[in-house]
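Q: Could you look at this predicted model? Sequence included:
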There are 2 protein chains.
Amino acid sequence: MMKKIIRKFSTLTKDKFPNIKRGNYSVLKDGDIQYFEKILGKNQIITDADEVKSYNSDWLNSVCGYSSIVLKPKTTEEVSVILKYCNDRKLAVCPQGGNTGLVGGSVPVFDEVIISSTSMNKILSFDSLTGVLVCQSGCILESLMNFLKEKGFIMPLDLGAKGSCHIGGNVSTNAGGLRLIKYGSLHNTVLGLQAVLANGDIIDSMNTLKKDNTGYHLKHLFIGSEGTLGFITKVAIQCPPFPNALNLALLSIKSYDDVLWSIRENITNALLKDGYSYKYDISLSLQVFYQIVIDLRKHLKNVADVKTVCGYGHIGDGNLHVNLTSAKFNENILNCIEPYIFERVSEFRGSISAEHGIGFFKNKYIKYSKTENEINIMKSLKSLMDPNGIMNPYKTIWNLRDNLAEGLRKDGFLYCYDISIPLNKFTEAINMMKEFLRNKKEVLSISGFGHIGDGNLHLNVTTAKFDPDLLYFMETKLYPWVSSVKGSISSEHGIGFLKLEFLMYSKTKNEIALMKQLKTVMDRNNILNPLKVLS
Amino acid sequence: MMKKIIRKFSTLTKDKFPNIKRGNYSVLKDGDIQYFEKILGKNQIITDADEVKSYNSDWLNSVCGYSSIVLKPKTTEEVSVILKYCNDRKLAVCPQGGNTGLVGGSVPVFDEVIISSTSMNKILSFDSLTGVLVCQSGCILESLMNFLKEKGFIMPLDLGAKGSCHIGGNVSTNAGGLRLIKYGSLHNTVLGLQAVLANGDIIDSMNTLKKDNTGYHLKHLFIGSEGTLGFITKVAIQCPPFPNALNLALLSIKSYDDVLWSIRENITNALLKDGYSYKYDISLSLQVFYQIVIDLRKHLKNVADVKTVCGYGHIGDGNLHVNLTSAKFNENILNCIEPYIFERVSEFRGSISAEHGIGFFKNKYIKYSKTENEINIMKSLKSLMDPNGIMNPYKTIWNLRDNLAEGLRKDGFLYCYDISIPLNKFTEAINMMKEFLRNKKEVLSISGFGHIGDGNLHLNVTTAKFDPDLLYFMETKLYPWVSSVKGSISSEHGIGFLKLEFLMYSKTKNEIALMKQLKTVMDRNNILNPLKVLS
């Protein structure tokens, strides 16, 4: 087990973590800079202290190195020459993409030479038949998305940092994000990659094939190893076609058990055969499930074209689906049903939308489910978050999700944990944390949000200001618990520098031993991203 | 580059390939057998020569070792003790699953100790909420499928050998199969695995999480490394829900260009709004596209309930979709349309089913697209292949596919190649082979079939009997060509023993060097499946 890492208030990582020691690497000399200038040209090197600053520090300002140089190679061959030189000179290096990581993996701990993929931003090919995109590792995710949109394709991953993150960084950290459930992780969608080893050797696994069972599947070694085994220079990635339709729903669900239930598949509604189907998704107390269908039948008895009126639902959660069919869509039927059914739901104190939200269609009926005061609060919230009313519902829902962390940060400081745990442990995680922090008066909120589809919980704690002792107090409690439920202490964001001492809570002794063997064989001088992932 | 491997007619691999040399391993002694008996008990060891035979030879009888012992451990711990012992004793071992491989990877080359996963066949857990199955590596794929069917789930892979292959073997060889396009490769669906290294160390990466970004993604090293880096003992795999519907179509497509076109997405038919939609998918010469719709409109003018009659289609391939809608399904309409439209198609010498096959619905109209002689031939074929008429259409179509290799083998001997190449090279591959074998009178047929979705072509050559010189002649031509189009010489089946000398056509010098480094670090004495994948 690793010695406890001491944390102190400071700007520089070396002062913040005073017992982390710099390895026995060379120190950058003028001759080195001259060599790099010869290889890259002056324009691809940054040595101006002010300019280098932003490459030394992560965007959360949680860690900060003091490197004095940033190299911006344009080609794989340049990366190879640089790494060979650094390896021979025993200069430690820090590979950097868009520098959007959350665990301090993409900035130097000390004075490592920063190799940025910024200038490796060329799209090399796209095959519109197979959807295979080949590009350099420094392409910004959103640029690739925009490029693909015109071709009728999308990237298989999407994440908050898309405007700045590089595809090479995504691959190095096995970035998860929003499309993982549908398209799989990058282990699934990256068909090939090219990486340069510490000694400058180029590993060219630039496969664009969906299937290749020849020899060890080396590309997977580079996916998720956070730049410690090689510098990724090119990527071939399988892009799915642009979806014809995208449905997004904001559900309000009463209990966590119901959340779990909601992820199971819904029964298929087979009523479409009659022609047009009108569906209402309401919540009611069980006693009136039957009543409302009977009432509606009576109400519609004399309306032409109505074929069936029936209901089915979820006894467990009071959610009733009322279904009506007619030969074809008929606005009169709609006008005849809707005010009636929602008024009845309101009388019965139910909800006019159990699962599917209000959206556009139920807009005018919201008064049947919300009081005037509630509607006023909602309106205030809307105007606060979207003063110009420019947000469409799709964006609004995603913004709610995207801004959760930003919102929590308004308390002062946000400690956020990115863990994977079994689905039935989600509430336990939050309760455990609440219990554990019971006596910590400085804690303002404890909450969780995340990816029910893939078991990734973002556990959040807020305080007025950062306290390294509280951080350590929480980590030493949370991670052993995560380990005890066979979870992962880093679902999406990697180990980087900041989770270095906790790796053993997610990997066994033998796994770590094997990782170290692999690291040694692939980077004998340990120059690649030292003090990241493995200590 | 490796020296040419000489091939001779013989039963034993050592005689067939006389210049392949046995490594400097120990020879099994009585004391070893006694030790294994102590660990496993007598019932889990086979030493009877006749019984061991079937474990020494692959099912194609292409390779055959002369091992004198098969060990059948039941637990990971037993595997660990066995491997530690063999490593200390320098006894080479051959891990074996269901022994269904096609490249000689699962049988000993010489006298390796065979470790079979046959007795490691326990299902350990299944979570019906998340679909995660955890089992031992010796579970037979089909047994897992049957187990899951009851729970409403399926395995994410399916392949011809499912009745005998083991899930551990599937994972070790990264088996592809029929569901790869939909669910991804095993790199995507295997969430965790446990493997024992050559020295007996257990690597327990038994994750059941969909996301885990902590440390190197070690499981991927064992997926597809064909038992040369470790013996897989347990697997956790993501199982998809049983699909509500499965549609299978047998398409007859005129040219390979049209095949490529067919894999792009089809336009969505938005005509369902009227209620019920009748669709006919016919092939016609372009001149009468318009005519047939006009005729049909006239014909149906006085039929009640018919709302629209229209057509749209593929100018490029003469495929017309004729669409009719009515408020609801009406058998009279059907009876009024079908004989008429198919008769007209027949008059125009078109096809009554351009894309969707005959299936059940067009059964009675087949005479409009096939002559009596053709129908008679089809009937003979059907009774030949399904004498008792028990096949349902679903099975029939799959059988056509599944029996292609079996059918080709009737020529005498089948040389089949399993390559991945760019989609636009499929026909070139076959033409290249035809050109190359132009003067080889013994060649009876050259054909290809395969996976258009994932770029995997099975290239087949038949002769009356096996000729090792012809085999070598073809390999030395085909593999360099595959390499020149950046394909893979083994899409699904791995390198095993039989493709050993051709690895360099799919992997670069640096990749092979890195593979060797990894092999050395993980299996210092090279006891795990020697002469497989790496020479």
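A: The structure has been received and is ready for your questions. Numbering: from 1, shown residues only, chains lettered A, B, ... in the order given.
Q: tell me how far the ends of stretch A:441-457 are from each other?
A: Separation of the first and last residues of stretch A:441-457 by Cα to Cα, to the nearest Å is 24 Å.
Q: quick one: secondary structure of A:His458?
A: Following DSSP: H, G, I helix; E, B strand; the rest coil, the label given to A:His458 is strand.
Q: so what's it up against?
A: A:404-405, A:416-418, A:448-450 (Cβ atoms under 8 Å, 6 or more residues apart in numbering or on different chains). Where you see a C-beta, it was placed from the backbone N, CA and C, and this is true even at glycine.
Q: Buried only: go through those for me.
A: Among the contacts of A:His458, the ones that count as buried by 16 or more other Cβ atoms under 10 Å in any protein chain shown are A:404, A:416-418, A:448-450.
Q: which one of those residues sits closest to B:Val196?
A: A:Asp418 (31.3 Å; Cβ to Cβ).
Q: can I see the domain layout of chain A?
A: A:13-116, A:123-238, A:256-372, A:404-508 (automatic domain parsing).
Q: So the shortest one, near chain B or not?
A: In other words, domain A:13-116. No - on the criterion Cβ under 8 Å from any Cβ of the partner chain, domain A:13-116 is out of touch with chain B, staying 9.2 Å away.
Q: Over to stretch A:132-146?
A: No - using Cβ under 8 Å from any Cβ, stretch A:132-146 stays clear of chain B, with a minimum separation of 9.3 Å.
Q: Ends of that stretch, what's the gap?
A: 15 Å.
Q: What's the mean pLDDT across it?
A: For stretch A:132-146, the mean pLDDT works out to 97.
Q: same deal with stretch A:323-331?
A: Mean predicted confidence for stretch A:323-331 is 71.
Q: same question, stretch A:303-311
A: On average, stretch A:303-311 scores 74.
Q: Quick check: buried residues in that stretch?
A: Across stretch A:303-311, burial judged by 16+ other Cβ under 10 Å covers A:305-307, A:309, A:311.
Q: got CSV for the residues you listed, with secondary structure and distance to B:Asn170 too?
A: Converted to CSV, those look like this (DSSP: H, G, I helix; E, B strand; the rest coil; distance: Cβ to Cβ, whole Å):
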residue, secondary structure, distance to B:Asn170
A:Asp305, coil, 55
A:Val306, strand, 54
A:Lys307, strand, 50
A:Val309, strand, 51
A:Gly311, strand, 46
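Q: hang on, the earlier thing: what's the most buried one of the domains of chain A?
A: domain A:123-238 (a mean of 22; mean count of other Cβ atoms under 10 Å in any protein chain shown).
Q: Which residues are in contact with the residue nearest to the spatial centre of chain A?
A: The centroid of chain A falls nearest to A:Gly177 when counting by Cα atoms, centre = their mean (3.1 Å). Residues near A:Gly177 by Cβ under 8 Å, 6+ apart: A:157-160, A:492.
Q: Okay, and the residue lying closest to A:Asn174 once chain neighbours are set aside sits in which element?
A: Excluding the flanking residues, the one nearest A:Asn174 by Cβ to Cβ, 6 or more residues apart in numbering or on different chains is A:Gly224, at 3.4 Å. Assigned by DSSP states H and E, A:Gly224 belongs to no helix or strand.
Q: I'd say A:Gly224 and B:Lys219 touch.
A: No - assessed by Cβ atoms under 8 Å, A:Gly224 is found out of contact with B:Lys219, at 11.0 Å.
Q: so where's chain A shaky on pLDDT?
A: A:1-10, A:244-252, A:261-278, A:286-287, A:304, A:313-318, A:327-329, A:355-361, A:384-396 (pLDDT under 70).
Q: how near is the residue of it most remote from its centre to chain B?
A: Farthest-out residue of chain A from its mean C-alpha position, per Cα atoms, centre = their mean: A:Asn302, at 52.9 Å. Counting by Cβ to the nearest Cβ, to the nearest Å, the separation of A:Asn302 from chain B is 20 Å.
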